[in-house]
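Asker: Got a sequence here, can you model it:
(4 chains)
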Amino acid sequence: MIDKFVRSTAEALAGVRSGATILIGGFGQVGTPNALIEALSEADLRDLTVVCNNAGTGTHGLARVMAEGRVAKIICSYPRSAGSVVLEELYREGRIALEIVPQGTIAERLRAASAGLAAFYTPTGVGTALAEGKETREFDGRTYVLEHALKGDVALIEAWCADRWGNLTYRRAGRNFNPVMAMAADLTIAQTQTVVELGALDPEAIVTPGVFVDRVVHIPYGEPDLGKPLY
Amino acid sequence: MIDKFVRSTAEALAGVRSGATILIGGFGQVGTPNALIEALSEADLRDLTVVCNNAGTGTHGLARVMAEGRVAKIICSYPRSAGSVVLEELYREGRIALEIVPQGTIAERLRAASAGLAAFYTPTGVGTALAEGKETREFDGRTYVLEHALKGDVALIEAWCADRWGNLTYRRAGRNFNPVMAMAADLTIAQTQTVVELGALDPEAIVTPGVFVDRVVHIPYGEPDLGKPLY
Amino acid sequence: MDAIIDAKPLNRPQMAARVAADIPEGWVVNLGIGIPTLVADHVPEDREVIFHSENGVIGVGAAPADDARDPWLINAGKQHITLRAGGAYMHHADSFALIRGGHLDLCVLGAFEVAVNGDIANWSTGANEKAPAVGGAMDLAAGARRLWAVMEHTTKDGRARLVQRCSYPLTALGAVKRIYTNLAVIDVAPHGFVVREMIAGMTLDALQARSDAKLHLPA
Amino acid sequence: MDAIIDAKPLNRPQMAARVAADIPEGWVVNLGIGIPTLVADHVPEDREVIFHSENGVIGVGAAPADDARDPWLINAGKQHITLRAGGAYMHHADSFALIRGGHLDLCVLGAFEVAVNGDIANWSTGANEKAPAVGGAMDLAAGARRLWAVMEHTTKDGRARLVQRCSYPLTALGAVKRIYTNLAVIDVAPHGFVVREMIAGMTLDALQARSDAKLHLPA
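Answerer: Here you go, the predicted structure:
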């Protein structure tokens, strides 16, 4: 019997190695795998490359992972926010590498990895500082920049509902990067708010089929913070 | 008030021009926009390029569109079947051009068009007759072939359920190429088996958001043929 | 260079309202952070405009009351929102396929500068800042079928934002089609900036004095 | 060259059963048209293997009774199928992302020929045929993490299908990892074909006589 549930976040992260590329889902406070990120900050790991739209705020979550010195490089689109003090300090001191990628290009590079493509030509960023040094090419009179697939060793995502095959649904804006990252990593680990029996999810409404998911941990984490959201 | 419903297939096809590239959804008998295809065979059109996984069987559907002399070129993955006599005759006589593309490459070329990408590098077909003359390139020691986006002027698709914004769901294997083609054409026309009020579809389960759909015609066509399926 | 005028510049809600007036029913529209976000409030309820947020929400509705916020429903600016009947959710790859694939009728962005050739600079003030942040701005600017910029006509210290050539890092080349400022509405035409409309009391000379690039009147 | 042997070749269901025996629980598997399709029937119900069909069905179940067919549910071979509890639907771009992206543990395809370097020819018999048809074969062959070929060991007129170099148009280069024939199970190893198993009564000499490329025994 296929059963992808594990009992703890520590078990969920078993086998993750230093030097790994970790994809972390979520956008703002919504759909973020908070418990898995906490476990990551407590694991004995170094030199991680983290791909995440934002770069953490305050001193918890991804900011704590960075503060613990586990992250060598962040690939993100929007590191800046009122509370992103950890990243800013590490960045100023040259202790963390930062690759800024347009948000849609991050999504598309992940999607290319999920689909076995090596690279693609996109119009985003042409003529800007973020395309400097990158190959460009004209198609039908328009210039495009070559961007490469971005594959994760591990993806950490949050789902709303899961079954034992790892089929997943999400909740409203909690979908965001999660389904894309689920498909783009060798080892995909989901924390899920709710759990159902196999067969209970509508096959027409499953967003991430279980074939893309390796481990699921049930974390009824609760609602995202209703406080003033930080960018 | 946005209302994408039109009253007839003829109205649905209004403005489609000779020389257009037409994407046609469906796989086998399932999810095929039969009424729109019939209307296409009756429209005064010439020199169409048709993108469709199969190339029609018997003397109805796409086969009839070809028999009427409306099609200059077919782009498909699987033209051959027991009943594909119309295509075979036209092809043997040199009266129709045929571009055979691996099924996944058709899907991906459509998806690239839907996403505004110009081209991508895929491993499919490398070293085969279908990649002859195409640019190849190595990434991380593996060879990939460059494939270009395939955009439609028009997409004809079949949905299961639609609302007046053009939000769509599909039925089981009737999904197939339909959502991909809906996003890849300038003018997307759906025939739908059922209709609901705006707001009745679950926003978590809408497969094709209405922003990708231009016209919807309500055709309670009925179930796909249960007879022996033809490949 | 400056000219004394007797004109009251638009405030931010008025700028947003001016943009909203030009958005017809049925358009699919993405609104950037800042003044653009306010545009939605000025589209009448009965004019169905489909607002898209790049974090995968289509059919963004009016802002919720403070005590009726849905914790799971935010926009790209991380503000709480509502979903209209007919709305839908997508993941990020599909959401940006929508943007880049030409499925947005319009994107409205704030800007630092717009150049006479349509170049826009809106994401970075240059090399000396802390970790730079681009978000979805480059995708939106490169992908939308129409890009309108909304900004004050000049900076707080009086420098022109309608420029011959952008001084800040670019977001996209030749992308802007129209500019809404607190003083005027200006099209970006092949031959340069064309003033479509000015606020009451504004003169072309005074507007020119506040602009770096040459302004034209419609032919 | 030929050798007289006293061995009864496997029939098609037996070949399918032999393949099925090697598929462990939990694998995600795509089965090609022909003998491969039969493999699913030989996986015990209680061994959960997730069968994928490239037209967007994950979790293909047993064939339906003739009077219980669902008109909307077919596989890539256009045969009527069922969906297991836990199954899901995808569109074609996602379905082939699954294939090319390395998410298939295994694909089992029929073949005309497999070469000693793993090249496979299974989609076209050459230039003189009518409109050629590839379907998803090239995607599956290039994308699956493991590709196994199932075929008669020789053609009806006795020509070898395990060859030094394919004579038919290729489907993919160096893709096949294992071959199941009616006579043997052969691995495609870096140094060539390695015979893992032969049917009762078969000898290596007799098998070699029916093969174009050199056969090895395991080291």
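Asker: A:Tyr170: neighbouring residues, count only.
Answerer: 27 (other Cβ atoms under 10 Å in any protein chain shown). No exception for glycine: its C-beta is placed from N, CA and C like everyone else's.
Asker: my bad, should have said C:Pro24
Answerer: Neighbour count of C:Pro24, defined by other Cβ under 10 Å: 9.
Asker: go on, the one 5 residues further on?
Answerer: Residues within reach of C:Val29, counting by other Cβ under 10 Å, total 24.
Asker: do the same with the one 10 residues further on
Answerer: The tally of other residues near C:Val39 (other Cβ under 10 Å) stands at 28.
Asker: looking at this, A:Val217 is in a strand?
Answerer: Yes. Looking at A:Val217 with DSSP: H, G, I helix; E, B strand; the rest coil, it is inside a strand.
Asker: Between the two ends of stretch A:116-134, how far is it?
Answerer: 21 Å (Cα to Cα, to the nearest Å).
Asker: buried residues in that stretch?
Answerer: For stretch A:116-134, the neighbour count (16 or more other Cβ atoms under 10 Å in any protein chain shown) marks A:116-131 as buried.
Asker: Please apply the same query to stretch A:132-143.
Answerer: In stretch A:132-143, counting by 16+ other Cβ under 10 Å, buried: nothing.
Asker: Likewise for stretch C:165-185?
Answerer: Quick answer for stretch C:165-185 (16+ other Cβ under 10 Å): C:166, C:168-173, C:175-185.
Asker: Now, these that are in strands?
Answerer: Using DSSP state E, the subset of the buried residues of stretch C:165-185 located in strands is C:Val176, C:Lys177, C:Arg178, C:Ile179, C:Tyr180, C:Ala184, C:Val185.
Asker: so how far is chain B from the fourth one?
Answerer: Taking Cβ to the nearest Cβ, to the nearest Å as the measure, C:Ile179 falls 24 Å from chain B.
Asker: so what's that residue up against?
Answerer: Neighbouring residues of C:Ile179 by Cβ atoms under 8 Å, 6 or more residues apart in numbering or on different chains: C:Ala111, C:Val114, C:Trp148, C:Ala149, C:Val150, C:Met151, C:Leu162, C:Val185, C:Ile186, C:Asp187, C:Val188, C:Phe193.
Asker: What's the PyMOL line that selects buried ones from those?
Answerer: To isolate the buried ones among those in PyMOL, judged by 16+ other Cβ under 10 Å, type:
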select buried, chain C and resi 111+114+148+149+150+151+162+185+186+187+188+193
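Asker: Make TSV from the contacts of C:Ile179 and add distance to B:Leu168 to it.
Answerer: Formatted as TSV, these follow (distance: Cβ to Cβ, whole Å):
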residue	distance to B:Leu168
C:Ala111	36
C:Val114	38
C:Trp148	30
C:Ala149	34
C:Val150	33
C:Met151	38
C:Leu162	43
C:Val185	37
C:Ile186	39
C:Asp187	36
C:Val188	36
C:Phe193	42
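Asker: Looking at the contacts of C:Ile179, which is nearest A:Pro179?
Answerer: C:Trp148 (31.3 Å; Cβ to Cβ).
Asker: farthest pair in the ones in strands among the buried residues of stretch C:165-185?
Answerer: Maximum distance among those (Cβ to Cβ): 15.1 Å, for C:Lys177 and C:Ala184.
Asker: For chain C, just list every one of the helices.
Answerer: C:12-20, C:35-38, C:92-100, C:137-143, C:204-209 (DSSP state H).
Asker: And chain A, by the same measure?
Answerer: A:9-12, A:34-42, A:62-67, A:85-92, A:103-114, A:178-182.
Asker: Indicate which one of the ones you listed is closest to chain C.
Answerer: helix A:103-114 (3.3 Å; Cβ to the nearest Cβ).
Asker: Distance from that closest one to the middle of the chain?
Answerer: 11 Å (Cα atoms, centre = their mean, to the nearest Å).
Asker: Show the average pLDDT along that helix.
Answerer: Model confidence over helix A:103-114, given as mean pLDDT, is 98.
Asker: Quick one: mean pLDDT for stretch A:151-165?
Answerer: Rounded mean pLDDT across stretch A:151-165 is 98.
Asker: hmm, who's touching the lowest-mean-pLDDT helix or strand in chain A?
Answerer: Each helix and strand of chain A was given a mean pLDDT (mean pLDDT, DSSP states H and E); the minimum falls on helix A:85-92 at a mean of 88. Contact with helix A:85-92 is made by A:55-56, A:58-59, A:63-64, A:66-67, A:74, A:79-80, A:96, A:98, C:130-131, as judged by Cβ under 8 Å, 6+ apart.
Asker: Not counting sequence-adjacent ones, nearest residue to C:Asp105?
Answerer: C:Trp27 (4.0 Å; Cβ to Cβ, 6 or more residues apart in numbering or on different chains).
Asker: Just tell me which of the helices of chain C ends up closest to B:Phe212.
Answerer: The nearest among the helices of chain C, by Cβ to Cβ, is helix C:92-100 at 7.7 Å.
Asker: now for that closest one, which elements pack on it?
Answerer: helix A:103-114, strand C:50-53, helix C:137-143 (3 or more Cβ pairs under 8 Å, 6 or more residues apart in numbering or on different chains; DSSP states H and E).
Asker: Show me what counts as buried in the least confident helix or strand of chain A.
Answerer: In helix A:85-92, counting by 16+ other Cβ under 10 Å, buried: A:Val85, A:Val86, A:Leu87, A:Glu88, A:Leu90, A:Tyr91.
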